[in-house]
Each structure stands twice: as C-alpha cells, then as structure tokens.
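**Student:** Give me a model of this one.
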Amino acid sequence: MHALIALWLCASMTLAFSPPTARRRASLTPRGAATARAPPKRLLTSDLGKDGAAEEGGVVVREAPGKGFGAFATKAFEADVTVADYVGERLDQRDVDARYKKKDRTWKDRAWVASRRARGVGVTGDYIFRVEDDLYVDAEDPKHANWCRFINHSADANLRVKSLAFSGITGEPRVWFVATRDIAPGEELCFDYGEDYWFEEDKPVE
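**Tutor:** Next up, the predicted model:
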C-alpha cells in the first residue's frame, strides 16, 4: 500500500513540473495550422507534401473556414513579388465545350471524364482560367496542377493575377500571381475572382 502511494506521488510530481514544451512549439506555427486538416491524398498536387506544405513555395494548403481548403503563407512575401504560376492543362474552346458542357463529345473526351471520376477528381469547370479566346488553363485535376489551384477568392485580395498567351521561355501560355502588398506568414493567399468569374450557363469567363 505504501509503495503504491509513493509511486502515485512520484508520478503526480513529474506531471506537475514537466515543462509545457508542446504548448511553446504550437505557438510558433500559424494560428490554426496545427489542427487544420490537409487536403486528402487524391487532391494533393505534386508540389505538396502529405501535410499540405509546399516548402519551396512558402505555403501550406489546409482547411479554410467556409471555403473548403485554402493556401496560407508560411513565409513573408514582399509587395509586387511573383508568388507562383497557375499551372494546369491547356485547353481550347472545343475542349471546354466537350468536357464541361457535354457538347459533341468524342470517345477521347468520354475517356478523359471517366479517368477523372475514377480518381475522385471533379468535372466542374470551376478551375478554368481564360487566357484569351480559344485558350484556357484548367487546374481542376491535381495531376496537372500545383498548389495555386487552392487559392480562394476575396474582395480584399492580397494577390493579383497576370497572364500571357505565349511565354517566350516555355512557348506556352502563362498565368501567375503577384503580391499586391506585403504578406505575412499565416495569411491566406487570395485574389479577386471578379464579378464575371462565376459561371453563367456553365460558360467559363475571365
């Protein structure tokens, strides 16, 4: 009996005087990052780790209240610096009409849709960026995209988007994001989709 009491007292004293190391470490991470969930594996792009972090990009993708998932800065970005490029499949108007509007689909289009659904990837058209007439960048499929597909809308945006139909470096269209102001670690990265972004009769617009 005396031995049991002694063991209990010893354990209680150890707990009482243990330094709160976990609490100190948690305070060094962006608020909410320690508990927020990362995207499921099927939505992870090749530049994201299992925890949703893109270390080279200085961002982490995690739950954003009321938005699903969002991209949050893990480092500071200065105003006017290029943050990242929006990467995805290059589509023309025929591709958009066939794949998202189910117009004159070929067997290749149907196979494309089946492949996405088999991998748990949506076919919504919500990730299309129109560079110019007959030229689009589609980042809905994580296989062809990067973390920028998780950038959400905000009227008080800290990013602006730029685009070129032809990049002299790659020979491909380029879409990229630039910081509109200094961005601190922990801030969600957002840009203003604009009033005309939302689909009207499933037609993608700028």
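**Student:** Quick one: residues in contact with whichever helix or strand residue 97 is part of.
**Tutor:** For residue 97, the host element (DSSP states H and E) is helix 93-100. Contacts to helix 93-100, defined as CB atoms under 8 Å, 6 or more residues apart in numbering, come from residues 91, 103-106, 109, 112-113, 123-125, 128, 133-134, 136, 138, 202, 204. C-beta coordinates here come from the backbone N, C-alpha and C atoms, glycine included.
**Student:** Now with 6 Å, please.
**Tutor:** Helix 93-100 is contacted by residues 103-105, 109, 125, 134, 136 when judged by CB atoms under 6 Å, 6 or more residues apart in numbering.
**Student:** give me the low-pLDDT residue ranges for the protein?
**Tutor:** 1-35, 195-206 (pLDDT under 70).
**Student:** Run through the helices of it in chain order.
**Tutor:** 2-16, 21-26, 93-100, 107-118 (DSSP state H).
**Student:** Strands along the protein, start to end?
**Tutor:** 53-54, 59-64, 68-73, 82-85, 89-91, 128-132, 135-138, 152-153, 159-164, 174-179, 190-191 (DSSP state E).
**Student:** and among these, the most buried is which?
**Tutor:** When those are scored by mean count of other CB atoms under 10 Å, the highest mean neighbour count falls to strand 59-64 (a mean of 24).
**Student:** Packing partners of that strand?
**Tutor:** strand 68-73 (3 or more CB pairs under 6 Å, 6 or more residues apart in numbering; DSSP states H and E).
**Student:** helices and strands around the strand it packs on, which ones?
**Tutor:** So strand 68-73, by 3+ CB pairs under 6 Å, 6+ apart, packs with strand 59-64.
**Student:** Contacts for the strand it packs on, please.
**Tutor:** The contact list for strand 59-64 (CB under 6 Å, 6+ apart) reads 36-39, 52-53, 69-74, 147, 150.
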